[in-house]
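S.K.: task: produce atomic coordinates for the following.
(one chain, ligands or ions: 1)
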Amino acid sequence: MDSELLNKVTWKIPNALALIGSASGEEWNGMTASWVTQLSMEPVLIGVGVDNKAITHRLISDGGSFSVNLWPSDDTRVFVKFSKPAEQENGSLNGRPVHRGMTGAPIFDESLAWLECEVRQSIDLGTHTLFIGEVVDAGVNDDEPRAAAMSDTRMKYGGVKRGGH
Ligand SMILES: Cc1cc2nc3c(=O)[nH]c(=O)nc-3n(C[C@H](O)[C@H](O)[C@H](O)COP(=O)(O)O)c2cc1C
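M.R.: Residues are numbered from 1 along each chain as shown. Now for the predicted structure:
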């Protein structure tokens, strides 16, 4: 298959955009992710595709949980910042306040809504692992704004693997 064509078409898939929170002990991280979707209604399962080389991959594997944080569509700068390993300070990641959820995963105080998931299955698919988590806690901080999606930005993710990745 032609890589350029594969990129062109896969980049057209409308995707969500969220911050994934993860933790192992005292080590926390937040990561921009577009491969996020619900996978079952009973139980309510959420799937996230995570690069096997990402810090988040190690933290979800060790910690056994993750959070999905939805963000207002008019504040997408946050996703640029969290596409590199996050700087962890006292109670914040990249300066954004977080608190520990019931599973230990960090939850962003500024998210408009969030889900906390306990990993039930993880499937290594190649470059990425599909972590499937059951929702164990959830909250809404602000019911008004629309949640950000990939199409609110000019960013792209997916397609074929590039050199050096
Ligand atoms: C718009 C956008 C969407 C992304 N979506 C994903 C994704 O779904 N899964 C993933 O593993 N990395 C995704 N990334 C890349 C990660 O945010 C980036 O590689 C991050 O540095 C890796 O996370 P780490 O801090 O856990 O190492 C995306 C990046 C951008 C800019």
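
S.K.: quick one: what helix or strand has residue 62 in it?
M.R.: According to DSSP states H and E, residue 62 maps onto helix 55-63.

S.K.: dihedrals phi and psi, residue 87?
M.R.: Backbone torsions of residue 87, given as degrees, to the nearest 10, read phi -80, psi 120.

S.K.: check residue 152 too.
M.R.: Here is the backbone geometry of residue 152 (degrees, to the nearest 10): phi -80, psi -10.

S.K.: check whether it really touches residue 73, as I assumed.
M.R.: Yes - Residue 152 is within contact range of residue 73, at 4.8 Å (criterion: C-beta atoms under 8 Å). For every residue, glycine as well, the C-beta is placed using N, CA and C.

S.K.: for residue 157, which non-adjacent residue is spatially closest?
M.R.: Of all residues not flanking residue 157 in the chain, residue 34 sits nearest, at 4.9 Å (C-beta to C-beta, 6 or more residues apart in numbering).

S.K.: which residues touch residue 145?
M.R.: Going by C-beta atoms under 8 Å, 6 or more residues apart in numbering, residue 145 touches 72-74, 112.

S.K.: show me the shaky parts of this structure.
M.R.: Low-confidence segments of the chain (pLDDT under 70): 163-165.

S.K.: which bits of it sit near the ligand?
M.R.: Listed as neighbours of the ligand in the chain under the rule C-beta under 6 Å from any ligand atom: 29, 31-35, 49-51, 54-56, 79, 83-85, 128, 155, 157.

S.K.: and of the contacts of residue 145, the nearest to residue 44?
M.R.: When those are compared for distance to residue 44 (C-beta to C-beta), residue 112 wins out at 18.9 Å.

S.K.: good, wrapping up.
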